[in-house]
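Student: can you look at this prediction? I've put the sequence above it.
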Amino acid sequence: MKFPSLLLALLALTALATASAADTHWVYFGTYTRGDSPSKGIYRSSFNADTGALGQPEVAAEMGSPSFLEIAPSKKFLYAVGETSGGGTGKGVAAFTLDPASGQLAPINAVTAVGEGPCHVNLDPSGRMVGIANYGSGSIVSYQVRKDGGLSDPVSFIQHEGSSIDPKRQAGPHAHSINFSPDGRFAYACDLGLDKVFIYQTDPASGSLTPAQPPFATVPAGGGPRHLAIHPDGTHVFVNNEMALTVTSFRRDAETGALTEIETTSTLPAGEKPGPGLSTAETLVHPSGKFVYVSNRGHDTVAVFAWDPDAEKLTLVQNAKCEGSIPRNIRLDPSGRWMIMAHQKTQDVAVFAVDSATGKLTFTGTKHPVGAPVCIRFVPVAGS
């Protein structure tokens with residue numbers, strides 16, 4: 001009777017060791033290299049999702065203010081926008097090879113962002129096209145991905161037009177992000193200056209974008225839509241509104257790409273109002289689909305919402321203190337057990353544990369310095 005028990009114990013230990021090895025990741029940090037930041041570009045750390053241990057960040061690639069990063073579905077390429085670039089001939093988007101075994105990056109090429117102030121980059125699920133958002137000039141651009149992972153010249157350039165109710169921040173368009181639908185048929189671009197989420201049809205084979213019908217959805221006037229996240233079921237979208245410190249929930253039509261507003265909810269504790277120096281930054285949906293997270297800059301918290309799919313309702317369950325200042329980007333590891341926060345002002349990154357039952361966040365005590373971090377991306381370590 002002892003042999004089977006011993007065998008089971010050995011099998012259990014082997015399974016645990018295998019799971020632990022498979023839970024090792026590289027973590028890449030996009031940063032600002034300007035001002036008082038000591039950053040030199042893109043940084044890389046190791047991360048153990050079994051224990052939540054984060055290694056000391058080190059330089060992975062030198063680049064001027066690679067503020068936003070994205071990883072190709074193949075995990076073999078990384079793309080970054082450089083906010084120091086200008087329009088026209090500025091090399092605003094860079095492509096790198098990524099070795100999942102060593103974590104090393106090597107430059108492939110860089111191409112123009114066309115517009116001013118590139119601030120966000122994303123890929124369609126097939127990895128065949130890249131889209132960026134230009135905040136300064138309020139435009140979006142798409143590119144084909146070459147066989148070597150490099151970027152083509154711009155394929156589509158779409159200039160947003162119009163304004164909204166805030167004369168200081170919404171006198172013109174300010175495209176702030178671009179996200180692709182799970183099936184890759186549509187792209188959604190938040191424009192802070194217009195209070196619109198533009199909807200585009202995609203053609204991954206050519207890398208082109210064209211307006212969908214309907215061509216956009218709106219958030220409450222003066223909201224300032226910044227970033228969005230699509231629920232794992234593909235039928236709901238959550239948009240954080242930077243200026244109003246709210247999150248707008250939409251129902252998504254998978255056939256037409258259309259978004260229908262459900263409700264808009266504050267990201268602040270009950271009774272608190274938006275004030276000077278406060279704004280939202282990032283939106284995440286937990287892999288389980290049960291929780292939604294929005295970072296609050298200035299307030300220096302992350303709003304944790306429980307999502308009820310039957311009632312289609314978000315309920316605020318926590319405003320977790322960030323243990324740093326200006327939580328720019330937040331990112332869940334693939335398992336959903338941990339969250340890393342990037343604190344732009346205090347120039348560090350911190351690790352939090354995620355409660356699987358409530359979604360609430362608890363600081364683990366791990367924090368490392370990184371110069372003005374503003375983006376976080378995970379890549380599984382190959383061969384682990």
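Tutor: Looks like it came in fine. Residues are numbered from 1 along each chain as shown.

Student: just give the nearest non-adjacent residue to Arg226, would you?
Tutor: Glu242 (4.0 Å; Cβ to Cβ, 6 or more residues apart in numbering). In this view, the C-beta of every residue, glycine as well, is placed from N, C-alpha and C.

Student: okay, now the one you found: neighbour count?
Tutor: A count of nearby residues for Glu242, using other Cβ atoms under 10 Å, gives 22.

Student: can you give me the helices in the protein?
Tutor: Taking DSSP state H as the criterion, the chain carries its helices at 2-22.

Student: longest strand of it?
Tutor: Longest strand of the chain, by residue count under DSSP state E: strand 208-218.

Student: buried sites along that one?
Tutor: 208-209, 212, 216-217 (16 or more other Cβ atoms under 10 Å).

Student: who does it touch, helix- and strand-wise?
Tutor: Under the contact criterion of 3 or more Cβ pairs under 8 Å, 6 or more residues apart in numbering; DSSP states H and E, strand 208-218 touches strand 139-144, strand 156-159, strand 196-203, strand 259-266.

Student: can you dump the C-alpha atoms of the first one in CSV for me?
Tutor: Spelled out, it's strand 139-144. Output in CSV follows, covering the C-alpha atoms of strand 139-144 (Å, rounded to 0.1, in the frame of the first residue of the first chain):
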residue,chain,number,x,y,z
SER,A,139,-4.7,59.8,-35.8
ILE,A,140,-4.2,56.1,-36.2
VAL,A,141,-1.9,54.2,-38.5
SER,A,142,-1.6,50.6,-39.5
TYR,A,143,1.3,48.5,-40.9
GLN,A,144,1.9,45.0,-42.3
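
Student: within the sheet, what are the partner strands of that strand, with directions?
Tutor: strand 129-134 (antiparallel), strand 156-159 (antiparallel) (DSSP bridges).

Student: quick one: it to strand 196-203, angle?
Tutor: 20 degrees (axes from the mean of the first three to the mean of the last three Cα atoms, to 10 degrees).

Student: just want the angle from strand 139-144 to strand 208-218.
Tutor: 140 degrees.

Student: just the mean pLDDT for strand 139-144, thanks.
Tutor: Averaged over strand 139-144, pLDDT sits at 98.

Student: contacts for it, please.
Tutor: Outside of strand 139-144, the residues within contact range by Cβ atoms under 8 Å, 6 or more residues apart in numbering are 93, 111, 113-115, 128-134, 151-160, 173, 175, 178, 187, 189, 198, 200, 202, 206-209.

Student: tell me the bridge partners for His368.
Tutor: Val349.

Student: so it is in contact with His343, correct?
Tutor: No. The pair His368 / His343 is not scored as a contact, 10.7 Å apart, by Cβ atoms under 8 Å.

Student: now do the shared contacts for these two.
Tutor: Shared contacts of His368 and His343, defined by Cβ under 8 Å, 6+ apart, are found at Val349.

Student: could you pull out the strands for the stretch 151-300 of the chain?
Tutor: 156-159, 175-180, 186-191, 196-203, 208-218, 225-230, 236-241, 246-252, 259-266, 279-285, 291-297 (DSSP state E, counting those that start in this stretch).

Student: so which of the ones you listed gets nearest Tyr79?
Tutor: strand 175-180 (12.0 Å; Cβ to Cβ).

Student: measure Gly92 to Thr248 for me?
Tutor: Distance of Gly92 to Thr248, given as Cβ to Cβ, to the nearest Å: 29 Å.

Student: those two - which one has more neighbours?
Tutor: Gly92 (28 against 25).

Student: count of residues packed around Ala357?
Tutor: Number of residues near Ala357 (other Cβ under 10 Å) recorded here: 7.

Student: tell me the pLDDT of the residue nearest to Arg226.
Tutor: Listed pLDDT for Glu242 reads 98.

Student: touching, it and Pro225? I think so.
Tutor: Yes. Assessed by Cβ under 8 Å, Glu242 is found in contact with Pro225 at 7.4 Å.
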